[in-house]
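Colleague: Sequence and computational prediction follow.
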Amino acid sequence: MRQHGDGRPREGGDHTAHLKEQSAQVCFSDAASPGLRARIIGDIRSLADFLEEHPELPISPHTSVDVSYFPRIDHDEAAFGEVAEAGARLGRMPVWEGEHYVVEHHQGAGRYRAVAIPALVRASYRAWLTWPGNVRPD
């Protein structure tokens with residue numbers, strides 16, 4: 001496959017192939033161990049089986065199942081890089097959703113998201129959390 005100078009494929013084929021090739025060596029800062037990952041996936045399957053076996057239990061028409069990954073890193077650029085890496089593996093481009101840098105994959109009512117929250121936004125939120133207990137209505 002011929003490539004542009006920036007590494008993008010020139011014509012046809014999978015336009016994310018070069019990203020997938022580069023991503024093989026990237027480590028994620030807060031990824032679950034293989035054993036824990038398998039347990040979490042098994043728990044999700046078990047919950048689905050349980051709900052299928054108990055049709056008498058109501059499920060809201062607005063139900064969703066979200067699996068989220070948040071980089072555990074102090075440097076914004078590295079966190080954004082992890083989200084971009086997840087996007088490369090998904091074949092999707094991350095976007096800014098408010099003040100969060102996000103890439104996601106939907107599967108019906110299920111959703112996988114990788115989310116980076118900039119340090120300044122996290123600090124602002126922590127500061128905001130100090131106020132609720134200190135301000136009381138009369």
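Modeller: Thanks, I have the structure now.
Colleague: Residue 103: neighbouring residues, count only.
Modeller: Neighbour count of residue 103, defined by other C-beta atoms under 10 Å: 25. For the C-beta atoms, the positions are set from N, CA and C on the backbone; glycine is no exception.
Colleague: Which strand or helix spans it?
Modeller: Secondary-structure assignment from DSSP states H and E places residue 103 in strand 100-107.
Colleague: Would you give the sheet partners of that strand, along with the direction of each?
Modeller: strand 95-97 (antiparallel), strand 110-116 (antiparallel) (DSSP bridges).
Colleague: The longest helix along the chain: what's the following helix or strand?
Modeller: Counting residues, the longest helix found in the chain (DSSP state H) is helix 34-53. With elements assigned by DSSP H and E, the helix or strand that comes after helix 34-53 is strand 65-69.
Colleague: counting contacts, what elements does that next one pack onto?
Modeller: Applying 3 or more C-beta pairs under 8 Å, 6 or more residues apart in numbering; DSSP states H and E, we find strand 65-69 packed against helix 34-53, strand 110-116.
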